[in-house]
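>>> turn this into a structure:
(2 chains)
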Amino acid sequence: MTLIDLANPTRFLSLTTRVLPWLAAVTAILLAAGLYLSALAPDDYQQGATVKIMFIHVPNAWLSMFVWGVMSIAALGTLVWRHPLADVAAKAAAPIGAAFTFLALVTGSLWGRPMWGTYWEWDARLTSVLILFLMYLGLIALWRAVDDPSRAARAAAVLTLVGAINLPIIKFSVDWWNTLHQGASVIRMGGPTMDRSFLIPLLVMAVAFSLLFITLHLAAMRNEILRRRVRSLQMMQASRVTLAGEASAA
Amino acid sequence: MTMALGPYTSFITTSYALVAIVVLLLIVWIAMDYRTQQARLRDLEASGITRRSGRGATEI
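Reported below is the predicted structural model:
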């Protein structure tokens, strides 16, 4: 099956139905393994056991940006290539991205209180992630506000691409400004600075959460395709009723 | 096996519990949405509305 075959929603639905159970099973196994490794990880010499929050905070933070990246590629698909599944992909990803961003903010806050002495600080990293969360909510509101999916898709695609400017700001905020948030310790020039005892559980959790996103995203895309099918059938039903009414009036 | 989480146990357990709750809510929401859309398609099919391809509304 080539990529162009997936442009057909019916083929996409058929593929999703076959793939989803396997993806869900692999995700569950990896999540269980990640949680087990996280539980076994030693305490940090400075942070103590609170370092365990990192194993859920960091994957959620990575995914908050990754999902917006996926939506930006989908936005290009909507505006440039007019791919029939592009806006379906973007719309389905937004609530999942919002949930990951919310979790990154809250777990970060719960980690910050014992380590920094505060739940919140208006510094560059925290504020830019909060802006990302608000942008997710704005996009969801936009899709809900406009009835016609194709009109909503174009407006949402433009907003998504504009919002993508925030991604490098989030990533490099810890280098460009003085922040309470620590600098990059995994994805950085020169390789990770983290000890293997923390790095391995973190990477397993990151892969598990990424698979969780892919699984949920495919399922949400399937729902969106069905929702659009319902909409077009309801419009057919409405036009039949109108035609029947006009015929009986004549 | 018991884990000693030290003085910040509540912060750690709250974080994990919150992630579990939000992920579960996402899964339940998506699963319920799938059922809702399928039920709507079945209702439309029962009322005689069919797709242009001639396939049943719920048929893939």
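
>>> quick one: average pLDDT of the strand or helix carrying B:Val22?
Element membership of B:Val22, judged by DSSP states H and E, is helix B:9-46. When pLDDT is averaged over helix B:9-46, the result is 94.

>>> does that helix reach chain A?
Yes: counting by Cβ under 8 Å from any Cβ of the partner chain, chain A is contacted by helix B:9-46 at B:9, B:11-12, B:14-16, B:18-19, B:22-23, B:25-27, B:29-31, B:33-34, B:37-38, B:40-41, B:44. (C-beta placed from N, C-alpha, C; glycine too.)

>>> which positions within that helix qualify as buried?
B:11-12, B:15-16, B:18-19, B:22-23, B:26, B:29-30, B:33, B:37, B:40-41, B:44-45 (16 or more other Cβ atoms under 10 Å in any protein chain shown).

>>> and stretch A:114-127, by the same measure?
Applying 16+ other Cβ under 10 Å to stretch A:114-127 flags A:114-115, A:121, A:123-127 as buried.

>>> pull the CA atoms of that stretch into CSV?
Taking C-alpha atoms only, stretch A:114-127 is exported to CSV below (Å, rounded to 0.1, in the frame of the first residue of the first chain):
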residue,chain,number,x,y,z
PRO,A,114,9.5,20.6,46.1
MET,A,115,12.5,21.4,43.9
TRP,A,116,12.2,25.2,43.2
GLY,A,117,9.9,26.1,46.1
THR,A,118,7.1,27.3,43.8
TYR,A,119,4.4,25.7,41.6
TRP,A,120,4.7,28.4,39.0
GLU,A,121,7.1,31.0,37.7
TRP,A,122,6.4,33.3,34.8
ASP,A,123,9.7,32.4,33.1
ALA,A,124,10.3,31.8,29.4
ARG,A,125,9.9,28.0,29.3
LEU,A,126,6.8,27.8,31.5
THR,A,127,5.1,30.7,29.9
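
>>> hmm, that stretch touching chain B?
Yes: Stretch A:114-127 lies within reach of chain B by Cβ under 8 Å from any Cβ, at A:Pro114.

>>> give me the contact list for that stretch.
If you take Cβ atoms under 8 Å, 6 or more residues apart in numbering or on different chains as the criterion, stretch A:114-127 is touched by A:47, A:50, A:105, A:108-110, A:112-113, A:169-170, A:173-174, A:176-181, B:7-8, B:11.

>>> show the buried residues in those residues.
For the contacts of stretch A:114-127, buried by 16+ other Cβ under 10 Å: A:47, A:50, A:105, A:108-110, A:112, A:169-170, A:173-174, A:179-181, B:8, B:11.

>>> so is stretch A:193-210 next to chain B?
No: judged by Cβ under 8 Å from any Cβ, stretch A:193-210 stays clear of chain B, getting no closer than 8.9 Å.

>>> what lies in contact with that stretch?
A:27, A:30-31, A:33-35, A:37-38, A:40-42, A:44, A:51, A:54-56, A:58-60, A:62-63, A:66, A:100, A:185-186, A:192.

>>> just the buried ones from the residues you listed, in ChimeraX syntax?
Here is the ChimeraX command that selects only those of those that count as buried (16+ other Cβ under 10 Å):
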select /A:27,30,31,34,35,37,38,41,44,51,54,55,56,58,59,60,62,63,66,100
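
>>> among the contacts of stretch A:193-210, which are in reach of chain B?
Counting by Cβ under 8 Å from any Cβ, the members of these near chain B are A:56, A:60.

>>> just the ones of the contacts of stretch A:193-210 in helices?
A:27, A:30-31, A:33-35, A:37-38, A:40, A:54-56, A:58-60, A:62-63, A:66, A:100 (DSSP state H).

>>> which one is the one residue in chain B that gets nearest to chain A nearest to, not counting chain neighbours?
At 3.8 Å from chain A, B:Gln37 is the closest residue in chain B, using Cβ to the nearest Cβ. Leaving out its chain neighbours, the residue that sits closest to B:Gln37 by Cβ to Cβ, 6 or more residues apart in numbering or on different chains is A:Leu226, at 3.8 Å.

>>> the one you found - how many residues pack around it?
22 (other Cβ atoms under 10 Å in any protein chain shown).

>>> I figured it hits B:Ala39, correct?
No: assessed by Cβ atoms under 8 Å, A:Leu226 is found out of contact with B:Ala39, at 10.3 Å.

>>> which parts of stretch A:132-152 are buried?
Those would be A:132-133, A:135-136, A:139-140, A:142-143, A:149, A:152, for stretch A:132-152 by 16+ other Cβ under 10 Å.
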